[in-house]
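Enquirer: predicted model and sequence follow; I will ask about them next.
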Amino acid sequence: MENSFGKYLLVMLVAVLALANIWLVDKSFFAEDKSRLPQMNFGLLAAGSFVIQNPAKNETNSFNETRNILVLGRSGGQHIAPDLTDTIAVVHINGPAKKIRVISIPRDLAVKTQNGVVKINSLYLAGSKQSEKEGLELIKNKVTEVSGLTIDSFLLFDLATVEKVINDVGGLNVYVKNSINDTRFPTDTGGYETFRLEKGLRYLDGQTALKFVRTRNSGRGDFDRMERQQEVLKAIKGKIVSLNPVWDFPKLWNIFSTVKKNIRTDLTLSDIKTMWGLAKNLDLEKIETLSLNPENGLVAPEKMKFGQSTAYVLVAKPKAFEYTTIHKAVDSFINSQ
């Protein structure tokens, strides 16, 4: 199975959130503004709470639940449309089998709503005009309809956060397999710029790393993009697991400060610690991903009119807006040995 941007971001963020085994956490849900999604809030009593490599002796990494987590990555920052969720994935965690599998949903999937046909990546944006909770419910319900999976938890973040986290760990050394010369790389303001990167081992700061994984200017399109994402993932994991809780405390603190301000989730820190216990020893190459794409026949490209303009979208096969075939594929995928 191919790797996806959703997998890359989820595993990276789980690793970031689980850098320290923090035993006490102050978790606030919709504290004053009931329309807002819950924000991660870490309560640190002292440096002694900051333990990475020495979990309590009575702690285990056993996880005996099956859970579906909706992972949403929005553009954020100064992007022209910061609340479009261009990363949409369901992470299926099978605790008894000790497996993590990811269902990646394309941002251009056309779906029906009470207001007509839209791209699925616009649902959170549309609902958020009422409240963050409404935006989440809108896309969560549609992902359930498309995938056939009940969503147990969610994790929402933005790419601006990812960029800062990469900078906080000191950037990444990544091998660039082929030189990149993308003369139409989209900017945050809706225009284009040129992005160039020579092949070989390169140091990438946060901004360059995101451009590296986002560019589509290559011979094999999304397949090359997924390989680049895998290289970045390996580099991030290597940096994170090498951090020392004493000497690298300033970096750790900066990462936590960034993450707690910019992530919305209903996962408790205990949940995340448990997930990290399962994920940290897995070979990232073996985390399987099912991507809804034309190559596996689950969706098909089609042109649709949206107002006065025509846009490229993907629709479910064999019939648009009917998801029986996708449900069967997802069920087979998550239950395969």
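Expert: Arrived safely.
Enquirer: going by C-alpha atoms from here, please, whenever you check contacts or count neighbours.
Expert: Noted.
Enquirer: which stretches of the stretch 151-300 of the chain have low pLDDT?
Expert: 218-223, 225-226, 245, 269, 276-277, 279-286 (pLDDT under 70).
Enquirer: let's see that with 50 instead.
Expert: Within the stretch 151-300 of the chain, no range satisfies pLDDT under 50.
Enquirer: what ranges do the helices span in the stretch 201-337 of the chain?
Expert: 206-214, 222-242, 249-262, 269-279, 324-335 (DSSP state H, counting those that start in this stretch).
Enquirer: for Glu137, give me phi and psi.
Expert: phi -60, psi -40 (degrees, to the nearest 10).
Enquirer: count the residues that sit near it.
Expert: A count of nearby residues for Glu137, using other CA atoms under 10 Å, gives 15.
Enquirer: returning to what we had before: export the helices of the stretch 201-337 of the chain as JSON lines, with columns for distance to Val165 and mean neighbour count.
Expert: JSON lines is the format used below for the helices of the stretch 201-337 of the chain (distance: least, CA to CA, whole Å; neighbours: other CA atoms under 10 Å):
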{"stretch": "helix 206-214", "distance to Val165": "7", "mean neighbour count": "19"}
{"stretch": "helix 222-242", "distance to Val165": "9", "mean neighbour count": "18"}
{"stretch": "helix 249-262", "distance to Val165": "6", "mean neighbour count": "17"}
{"stretch": "helix 269-279", "distance to Val165": "18", "mean neighbour count": "18"}
{"stretch": "helix 324-335", "distance to Val165": "31", "mean neighbour count": "16"}
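Enquirer: Throw these into TSV and include distance to Asp86, thanks.
Expert: Output for the helices of the stretch 201-337 of the chain, formatted as TSV (distance: least, CA to CA, whole Å):
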stretch	distance to Asp86
helix 206-214	11
helix 222-242	14
helix 249-262	17
helix 269-279	23
helix 324-335	20
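Enquirer: Ile69 is nearest to which of the ones you listed?
Expert: helix 269-279 (11.0 Å; CA to CA).
Enquirer: looking at the helices of the stretch 201-337 of the chain, spot the one closest to Val299.
Expert: Closest approach to Val299 among those is made by helix 324-335 (8.6 Å; CA to CA).
Enquirer: buried ones in the helix or strand encompassing Val71?
Expert: Using DSSP states H and E, Val71 sits within strand 66-74. Buried residues in strand 66-74, counting neighbours by 16 or more other CA atoms under 10 Å, are found at 67-74.
Enquirer: could you do stretch 123-143 as well?
Expert: For stretch 123-143, burial by neighbour count (16+ other CA under 10 Å) applies to 123-128, 131-136, 138-140, 142-143.
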